[in-house]
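[1] turn this into a model:
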Amino acid sequence: MKAQITNREIWCIALPIMLGNMAQTIINFTDTAFLGHLGVVALGASMLAGLFYFVFTTVASGFAIGIQIIVARRFGERNFGRIGVIFQHGALFVLLLGLILFSILYFFSDTLLLWLIDSPNIYDASIEYIKYRRYGIAFVCFNFLYRALYVGISNTKVITYSTIIMAIVNILLDYCLIFGNLGLPQMGISGAAVASFCAEVSAFAFFTVYSYVTMRKKEFGMFKVHKPESELMGRILKISTPTMVQKLFSFSVWFIFFVLIEKMGETATGISSVTRSVYMILITPCFAFATTTNTLVSRIIGEGETGQVFPTINKVLKNCLLCTIPIVMMVAIFPVQIAGIYTDDLNFAHLVVPAIVVICGGTIFQCIGNAYFEAVSGTGNTTAALYLETIVLVFYIFFIMAMTRLTTRVELVWTAEILYGLVLGILCSLYMKFASWHKKRI
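    This is a model prediction of the structure:
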């Protein structure tokens with residue numbers, strides 16, 4: 001019998017994923033921190049346009065999770081030669097998907113944003129942002145695929161390297177293009193979009209070169225031409241389609257959350273933009289350990305050690321909370337100072353504080369809910385995961401709609417994050433306890 005998963009093994013997988021997840025968090029943080037000094041309109045526009053953009057990328061993210069689950073299962077079975085075949089089929093799908101998503105963003109962004117955004121100022125700035133950012137969507141799709149490969153084979157340190165590259169490119173170009181430093185043009189919010197696009201391209205270039213240099217001669221069968229297998233593609237889509245729908249639905253609801261807040265006014269939108277940026281930092285460990293749960297559960301089942309699934313989930317969750325709680329406490333103790341990073345306006349910083357305090361509590365519930373949710377996905381029953389989150393999202397969106405009508409206090413609307421994590425954790429833990437997930441074959 002294989003030994004139990006150790007804390008060291010959990011951290012060896014989770015830490016690079018955590019740093020990798022910081023890529024988009026860093027982009028969001030630097031964009032928000034720089035644009036915050038241009039005013040609440042720039043803040044609100046970058047948030048809404050950025051979320052609008054990522055609604056489309058979530059389809060690729062969901063597909064990549066399906067690839068990750070299958071790669072981890074083959075890795076656990078030590079069937080290494082199939083991994084390159086799986087990756088090639090995923091790459092073909094991602095290429096087509098990236099072209100489709102770019103076409104939608106290119107031809108329909110103006111109309112969709114006009115329908116969603118009330119403020120003319122925020123709408124105009126959002127169009128400026130998305131005009132440049134949309135060119136990066138195909139690269140983002142491939143970056144998700146590469147991340148799925150390396151998470152699936154538990155070689156997550158590669159994600160750290162790509163994150164460092166993205167962060168350096170984004171911060172440097174934000175500094176230069178938003179304010180016109182180092183002889184480059186002053187582009188304002190458009191400069192933030194160009195910087196993000198360049199960061200995404202740089203990550204793709206690194207992943208491709210690194211993978212070609214280090215993996216083409218290994219037993220995974222990478223960078224070889226494999227015969228298309230309709231049966232394999234069908235199996236990949238059977239696993240991936242529910243996660244694609246789930247991610248699209250989940251992030252669309254998240255986007256609707258901010259659309260409803262935008263209707264509360266430009267100040268409420270600015271407050272939520274800062275709150276979202278802080279929140280993304282707080283839940284970075286949560287998402288990293290949740291992804292670790294997903295890949296470890298799939299791998300353990302592939303090894304035939306289903307009895308280790310629950311001990312592993314609980315061990316990963318314990319490490320997640322040990323990592324998250326100190327960060328949450330620091331933010332809860334110094335909320336004004338944290339808000340001050342994003343704005344020179346002290347009054348505005350104080351308006352942000354109540355919402356920051358709320359998300360500190362929401363982060364803890366998100367850790368629990370996401371750990372058990374990713375465990376459900378890791379079993380391979382992604383359809384069950386879709387149904388479970390759909391139930392939670394129905395509660396979530398009705399709660400948001402009620403709160404945005406009943407109160408003008410933004411922090412009360414943000415309590416929806418506590419509700420989401422709590423209900424998701426309860427439903428998914430009940431599924432893992434009582435369902436016959438161990439019979440699922442992928």
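[2] which regions of the stretch 201-350 of the chain sit below the pLDDT cut-off?
    217 (pLDDT under 70).
[3] where exactly do the helices run in the stretch 201-350 of the chain?
    In the stretch 201-350 of the chain, the segments counted as helices under DSSP state H, counting those that start in this stretch are 230-262, 266-282, 284-302, 309-333, 335-340, 346-378.
[4] out of those, which is the most enclosed?
    Among the helices of the stretch 201-350 of the chain, helix 284-302 has the highest mean neighbour count (mean count of other Cβ atoms under 10 Å), at a mean of 26. Using the backbone N, CA and C atoms, a C-beta is placed for each residue, glycine as well.
[5] check which helices and strands that one sits against.
    Taking 3 or more Cβ pairs under 8 Å, 6 or more residues apart in numbering; DSSP states H and E as contact, the helices and strands that helix 284-302 lies on are helix 7-35, helix 40-76, helix 137-152, helix 309-333, helix 346-378.
[6] can you tell which of those is closest to residue 95?
    With Cβ to Cβ as the criterion, residue 95 lies closest to helix 137-152 of the helices and strands packed on helix 284-302, at 7.6 Å.
[7] next one, pLDDT for residue 37 please.
    With respect to pLDDT, residue 37 scores 69.
[8] now do residue 439
    At residue 439, pLDDT is 68.
[9] equivalent analysis for residue 174, please.
    With respect to pLDDT, residue 174 has a value of 89.
[10] got the phi/psi numbers for it?
    Main-chain dihedrals, residue 174, degrees, to the nearest 10: phi -60, psi -50.
[11] now do the contacts for residue 236.
    Residues in contact with residue 236 (Cβ atoms under 8 Å, 6 or more residues apart in numbering) are 66, 67, 70, 86, 89, 90, 93.
[12] at 7 Å instead, please
    By Cβ atoms under 7 Å, 6 or more residues apart in numbering, the contact set of residue 236 is 66, 67, 70, 86, 89, 90.
[13] so how many other residues sit close to residue 305?
    17 (other Cβ atoms under 10 Å).
[14] where's it relative to residue 218, distance?
    25 Å (Cβ to Cβ, to the nearest Å).
[15] same question, residue 131
    Counting by Cβ to Cβ - residue 131 and residue 218 are separated by 41 Å.
[16] of these two, who's got more company?
    A count of neighbours by other Cβ under 10 Å puts residue 131 above the other of residue 131 and residue 218, at 17 against 13.
[17] the strand or helix carrying the more buried one packs against which elements?
    In the assignment (DSSP states H and E), residue 131 maps to helix 120-133. With contacts taken as 3 or more Cβ pairs under 7 Å, 6 or more residues apart in numbering; DSSP states H and E, helix 120-133 sits against helix 40-76, helix 81-116, helix 189-215.
[18] pick the most deeply packed of those.
    With neighbours taken as mean count of other Cβ under 10 Å, the helices and strands packed on helix 120-133 reach their highest mean count in helix 40-76, at a mean of 25.
[19] now that helix: how far from the chain's centre is it?
    Counting by Cα atoms, centre = their mean, to the nearest Å, helix 40-76 is centred 5 Å from the centre of its parent chain.
[20] what's the mean pLDDT across it?
    85.
[21] and the helix holding residue 131 with helix 7-35, angle?
    Relative orientation of helix 120-133 versus helix 7-35 (axes from the mean of the first three to the mean of the last three Cα atoms, to 10 degrees): 120 degrees.
[22] which residues sit against helix 120-133?
    By Cβ under 7 Å, 6+ apart, the residues outside helix 120-133 that reach it are 41-42, 44-46, 48-49, 52-53, 105, 109-110, 113-114, 117, 189-190, 192-194, 196-197, 262, 266, 269.
[23] just stretch 57-65 next, same as before
    93-94, 97, 101, 137, 140-141, 144-145, 147-148, 240, 243-244, 246-248, 251, 377.
[24] using PDB, write out every CA atom in that stretch.
    Output of stretch 57-65 as PDB, limited to C-alpha atoms (Å, rounded to 0.1, in the frame of the first residue of the first chain):
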ATOM      1  CA  THR A  57     -11.500  32.700 -20.500                       C
ATOM      2  CA  THR A  58     -13.400  30.600 -17.900                       C
ATOM      3  CA  VAL A  59     -14.500  28.300 -20.700                       C
ATOM      4  CA  ALA A  60     -10.800  27.400 -21.400                       C
ATOM      5  CA  SER A  61     -10.200  27.200 -17.700                       C
ATOM      6  CA  GLY A  62     -13.000  24.600 -17.300                       C
ATOM      7  CA  PHE A  63     -11.700  22.600 -20.300                       C
ATOM      8  CA  ALA A  64      -8.200  22.600 -18.800                       C
ATOM      9  CA  ILE A  65      -9.500  21.300 -15.500                       C
END
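[25] if I look at the closest residue to residue 228 other than its chain neighbours, how far off is residue 231?
    Leaving aside its chain neighbours, residue 228 sits nearest to residue 89 (7.3 Å; criterion: Cβ to Cβ, 6 or more residues apart in numbering). Using Cβ to Cβ, residue 89 is found at 11 Å from residue 231.
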